[in-house]
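A.B. asks: what follows is a protein structure lacking sequence information:
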């Protein structure tokens, strides 16, 4: 297992480096002079030159790249143009809030999808199964930027059950988590249903049933563990969409996380902060995928030899 | 028996027709402002009501289909073209080509969802073309992996080996013999891709990163209506419903196509 973890880690390092390189190159996609664009129309030539020097844009490309990577290793992502504070400090303040929201959304998704997927697999072709298929289709197609305002309208404005926006205790987490978690819940429901239905047809479950276990117990004790494998992979991949989805959800609910910070930074043309935020989300995603691989290998020893 | 493809296919056709015939369908100009009647609810003259600047919501919704259809189709066309090209090269030639092209895919896959598209539009600036480029730049990877996997298994089949020994040039083998075999999978993936692109465009426009402000886009309309949820919920409700119905229809069409062609979409 340790060998497997080390091999996977060795694969994650060049990917992370490539991701960082792609993010670094984004600043050079800015049409025209980045420093001029960042300061906006009417900026003085002296200010533009000063910013160019501060960001190191006046140096050769390779030197800029070296400087960027060196900073990255020291945990230095530059200074925010708007806040005039280190980007890492600004990100560190917001990141836990986004993680909190993403985890809550994941919990919502699991609370909905596990029982629904399980029931659908056990009652194939029956109304529960058909309902789960319809719910999954609707959930996948539901834009979060529509669902969010609808939930606010009903639960916060009409019935006054939860706060409209902001972060005030656990109760304020309910609507954003439901908004962010719906699409993942839909995908997971489908996934769990398909994976479990495939396991139900396998001989070992028939044996378990033949030995007197009820369907429910047989699935719970034996089927679920095997069906979990593909589900965990999807879960890991979906965590990335939760991180990106948080950009929209945080904007809807004024949630003080990384997503709303990123959008604000884009509006303010605070590029060091924008690139830092994008890099942090992408690296978190690489890390989550790494952990997903480890979890899968933990569940299925056969994977460790790959 | 009713054909499972009929309803979603009709919906897609209707969407295309509405986009094409928008100027003749709209009851009012989408930019005409009746400021004294702003936020007015649905009525006999304005079926879906008026928005925060007193513009007809239905007319803007109809014009909005143009943005959705343009983005949906162009993104998928561009992504499928690039993806198919890269996937074919990787799958057909294999070796170092395969290794490096798939590494490139992995780097793009290391970015979750539309994050890279958001970052690209953020630096390129909000405009329709930039949006299409950004979404296609993210979307090609799915097609490349799909096509590569298929080409890889097709290359070993006798009819391709026969074509190779007959001395046909590679481009001809790929175009005439490999591509038609990959086409059904591409059609399914593209149908789901259009749904994804429409959703992504609306999401980016909602964030203010879509088409330039002022032009009717469903996502931007929801964003504008968000601050009037209490007094004029119709402003945000109808564009959201339109996105929901169109995306659900396309997903349904993709699923039905996959079932019919016995394909597992990525």
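C.D. replies: That came through, no problem. Quantities reported herein were computed from a predicted structural model and do not represent experimental measurements.
A.B. asks: tell me the mean pLDDT for stretch B:221-232?
C.D. replies: On average, the pLDDT along stretch B:221-232 is 89.
A.B. asks: what are the buried residues along that stretch?
C.D. replies: Of the residues in stretch B:221-232, B:221-226, B:228-229, B:232 count as buried by neighbour count, 16 or more other Cβ atoms under 10 Å in any protein chain shown. Where you see a C-beta, it was placed from the backbone N, CA and C, and this is true even at glycine.
A.B. asks: likewise for stretch A:157-170?
C.D. replies: By neighbour count with 16+ other Cβ under 10 Å, stretch A:157-170 contains the buried residues A:162-165, A:167.
A.B. asks: now those as CSV including distance to residue A:173 and pLDDT?
C.D. replies: Formatted as CSV, the buried residues of stretch A:157-170 follow (distance: Cβ to Cβ, whole Å; pLDDT from 0 to 100):
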residue, distance to residue A:173, pLDDT
A:162, 9, 88
A:163, 10, 88
A:164, 13, 83
A:165, 12, 85
A:167, 8, 84
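A.B. asks: possible to save those residues as CSV with distance to chain B and secondary structure?
C.D. replies: What follows is the buried residues of stretch A:157-170, written out as CSV (distance: Cβ to the nearest Cβ, whole Å; DSSP: H, G, I helix; E, B strand; the rest coil):
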residue, distance to chain B, secondary structure
A:162, 14, coil
A:163, 14, coil
A:164, 9, coil
A:165, 11, coil
A:167, 19, coil
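A.B. asks: ok, back up a step: kindly indicate which of the buried residues of stretch B:221-232 lies nearest residue A:135.
C.D. replies: Nearest to residue A:135 among those, counting by Cβ to Cβ, is residue B:222 at 22.5 Å.
A.B. asks: touching, that closest one and residue A:149? I think so.
C.D. replies: Yes: the criterion here is Cβ atoms under 8 Å, and residue B:222 meets it with residue A:149 at 7.0 Å.
A.B. asks: so what's the residue count around residue A:130?
C.D. replies: By the criterion of other Cβ atoms under 10 Å in any protein chain shown, residue A:130 has 13 neighbours.
A.B. asks: that one and residue A:120, how far apart?
C.D. replies: 9 Å (Cβ to Cβ, to the nearest Å).
A.B. asks: and for residue A:246?
C.D. replies: On the measure of Cβ to Cβ, residue A:246 and residue A:120 end up 28 Å apart.
A.B. asks: before we move on, what about residue B:200?
C.D. replies: Residue B:200 is 29 Å from residue A:120, where distance means Cβ to Cβ.
A.B. asks: list, one by one, the residues from the stretch 1-150 of chain A near chain B.
C.D. replies: Within reach of chain B by Cβ under 8 Å from any Cβ of the partner chain, the stretch 1-150 of chain A has these residues: A:15-16, A:18-19, A:22-23, A:26-27, A:29-31, A:137-138, A:140-146, A:149-150.
A.B. asks: go with 6 Å
C.D. replies: Contact residues (Cβ under 6 Å from any Cβ of the partner chain) of the stretch 1-150 of chain A with chain B: A:15, A:18-19, A:26, A:29-30, A:141, A:143, A:145-146, A:149.
A.B. asks: give me the below-cutoff pLDDT ranges for the chain.
C.D. replies: Just going to use chain A. A:306 (pLDDT under 70).
A.B. asks: switch to chain B, please.
C.D. replies: Across chain B, the ranges flagged by pLDDT under 70 are B:1-2, B:213-214, B:263-266.
A.B. asks: looking at it, which helix is longest?
C.D. replies: If you go by DSSP state H, chain B has its longest helix at helix B:57-93.
A.B. asks: one more: chain A?
C.D. replies: The longest helix of chain A (DSSP H) is helix A:87-122.
A.B. asks: report the buried residues of stretch A:132-143.
C.D. replies: Neighbour-count burial for stretch A:132-143 flags A:132, A:135-137, A:139-143 (criterion: 16+ other Cβ under 10 Å).
A.B. asks: follow-up on the earlier one: list just the nearest of the buried residues of stretch B:221-232 to residue B:117.
C.D. replies: residue B:223 (17.2 Å).
A.B. asks: the closest one belongs to a helix?
C.D. replies: Yes: read with DSSP: H, G, I helix; E, B strand; the rest coil, residue B:223 is one of the residues of a helix.
A.B. asks: need the contact list for the closest residue to it other than its chain neighbours.
C.D. replies: Counting by Cβ to Cβ, 6 or more residues apart in numbering or on different chains, residue B:223 lies nearest to residue B:206, which is 4.6 Å off, once chain neighbours are set aside. Each residue near residue B:206 by Cβ atoms under 6 Å, 6 or more residues apart in numbering or on different chains is listed here: A:145, B:219, B:222-223.
A.B. asks: 7 Å - rerun?
C.D. replies: Shown in contact with residue B:206 (Cβ atoms under 7 Å, 6 or more residues apart in numbering or on different chains): A:145, A:248, B:219-220, B:222-223.
A.B. asks: ok, residue A:204 next?
C.D. replies: Neighbouring residues of residue A:204 by Cβ under 7 Å, 6+ apart: residue A:222.
A.B. asks: show me where the chain has its helices.
C.D. replies: Unless you meant another one, I'm taking chain A. Under the criterion DSSP H, chain A contains helices at A:2-26, A:34-39, A:45-54, A:61-73, A:87-122, A:127-141, A:144-151, A:174-200, A:203-210, A:215-218, A:224-253, A:258-267, A:271-299.
A.B. asks: the intended chain is chain B.
C.D. replies: Assigned helices in chain B, in chain order: B:6-20, B:22-25, B:57-93, B:95-109, B:115-124, B:128-154, B:158-165, B:170-172, B:179-206, B:218-225, B:234-260 (criterion: DSSP H).
A.B. asks: most tightly packed of those helices?
C.D. replies: Scoring the helices of chain B by mean neighbour count under mean count of other Cβ atoms under 10 Å in any protein chain shown gives helix B:218-225 as the most buried, with a mean of 26.
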